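Enquirer: Pasting a predicted model and its sequence here:
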Amino acid sequence: MSEVWFVAGGFAVEGPGLPGPPWASTRRLAVAVTVLLGVCIVADVFAIFAASQVHMVMSDVHAGRWDAVTDERLEQADILYVVASWAQMTALAAAGVVFLKWFHRSRVNAEIFDPEGHRMKRGWAIGGWFVPVVNLWFPKKIANDIWDASTPPGPDGTVRPRVSVGLLNGWWALWIAGLVFGRAASQRYKKAEDAHEIIGAVNTWLIADGVGILAAAFAIGFVLKLTAMQTERAAHHFGHAHASASPVVGAGSN
């Protein structure tokens, strides 16, 4: 039987008595997610700037300051708005793909730590994000189980005090709030028929983007914290001796 041990800084751990897929470090994925979420924050900041330009132009239109409303200014505001929207969508899509890979891998790791501590199958770690309605709570439910299963033991090696879920709860609350405000802003903008209604829609977009920045910041904290928890949990789960093993230990057969 082959045996490869690698915990603290690398990719996989497998060996006798470890059923199912091997434990795999999510550190590299966590770094990638963190960088891409940072890009999302930058895109949201740019979107706030673009929305503020639209807001100022529409405010001049609404106030009847026609001398300040030129075709060039209207076109510039429109281009900024379109570019910002595409930047946000592209950044979110890229971050979403890598985040889902990290989230699913974290779910698999958590099942190794605590096989009985999960209320949903591991496939829902990805599928749960795409099923309408249930995607409002399935991912959070899965994240709670991952968090609990990944909680490292206490100093005595046996007690596992629950780590505060403030980052997790904050991230999820802000994520849902961002979806709500984004949906509301989109509907208001589509229905807007004059400058006043466009201003109202843009105000909602500004709130949505601000919430999005906070959600991304909390998501970064959640990803980094859970990754650190799983690394520490793995060190205890597989033993301190294996936790410090080199990246390529070798393989043997019985």
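Expert: Everything's here; your move. In this text the structure is predicted, and so the values were computed from the model without any measurement.
Enquirer: quick one: low-confidence parts of the stretch 51-200 of the chain?
Expert: Along the stretch 51-200 of the chain, the model assigns pLDDT under 70 to residues 155-159.
Enquirer: Okay, strands next: where are they in it?
Expert: Ranges of strands within the stretch 51-200 of the chain: none, based on DSSP state E, counting those that start in this stretch.
Enquirer: What residue, apart from its backbone neighbours, is nearest the residue nearest in space to the middle of the chain spatially?
Expert: With distances taken as C-alpha atoms, centre = their mean, Ala219 lies nearest the centre of the chain, 4.7 Å away. The spatially closest residue to Ala219, leaving aside those adjacent along the chain, is Trp171, at 5.0 Å (C-beta to C-beta, 6 or more residues apart in numbering). (Glycine included, C-beta is placed from N, CA and C.)
Enquirer: One more: Met229?
Expert: That would be Ser150: by C-beta to C-beta, 6+ apart, it lies 4.5 Å from Met229.
Enquirer: Ok, Val211 next?
Expert: With C-beta to C-beta, 6+ apart as the measure, Gly178 is the residue that lies nearest to Val211, at 4.5 Å, once sequence neighbours are left out.
Enquirer: Surely that neighbour is in contact with Ile213?
Expert: No - if you go by C-beta atoms under 8 Å, Gly178 and Ile213 don't touch, sitting 9.2 Å apart.
Enquirer: Burial check on the residue nearest to Ala219, number of neighbours?
Expert: 23 (other C-beta atoms under 10 Å).
Enquirer: Contact partners for His42?
Expert: Quick fix: residue 42 reads Val, not His. Ala91 (C-beta atoms under 8 Å, 6 or more residues apart in numbering).
Enquirer: do Val134 as well
Expert: Listed by C-beta under 8 Å, 6+ apart, the contact set of Val134 reads Gly128.
Enquirer: With Ala77 as the reference, measure out to the residue with the largest distance to the centre of the chain.
Expert: Centroid-distance maximum for the chain: Asp67 at 45.0 Å, with C-alpha atoms, centre = their mean. The gap separating Asp67 from Ala77 is 17 Å, by C-beta to C-beta, to the nearest Å.
Enquirer: Likewise for Trp124?
Expert: In terms of C-beta to C-beta, Trp124 sits 42 Å off from Ala77.
Enquirer: residues in contact with the residue nearest to the centre of the chain?
Expert: By C-beta under 8 Å, 6+ apart, the contact set of Ala219 is Val33, Leu37, Phe99, Trp171, Trp175.
Enquirer: rerun that using 10 Å as the cut-off
Expert: Counting by C-beta atoms under 10 Å, 6 or more residues apart in numbering, Ala219 touches 33-34, 37, 40-41, 95, 99, 167-168, 170-172, 174-175.
Enquirer: Among those residues, name the ones in helices.
Expert: 33-34, 37, 40-41, 95, 99, 167-168, 170-172, 174-175 (DSSP state H).
Enquirer: Closest one to Ala110 out of those residues, please.
Expert: Within the ones in helices among the contacts of Ala219, the smallest distance to Ala110 is 13.2 Å, found for Leu168 (C-beta to C-beta).
Enquirer: That closest one touches Leu174, doesn't it?
Expert: No - the pair Leu168 and Leu174 fails to qualify as a contact (C-beta atoms under 10 Å) at a distance of 11.2 Å.
Enquirer: Give me the buried subset of the ones in helices among the contacts of Ala219.
Expert: Neighbour counting over those (16 or more other C-beta atoms under 10 Å) leaves 33-34, 37, 40-41, 95, 99, 167-168, 170-172, 174-175 as the buried ones.
Enquirer: Okay then, goodbye and thanks.
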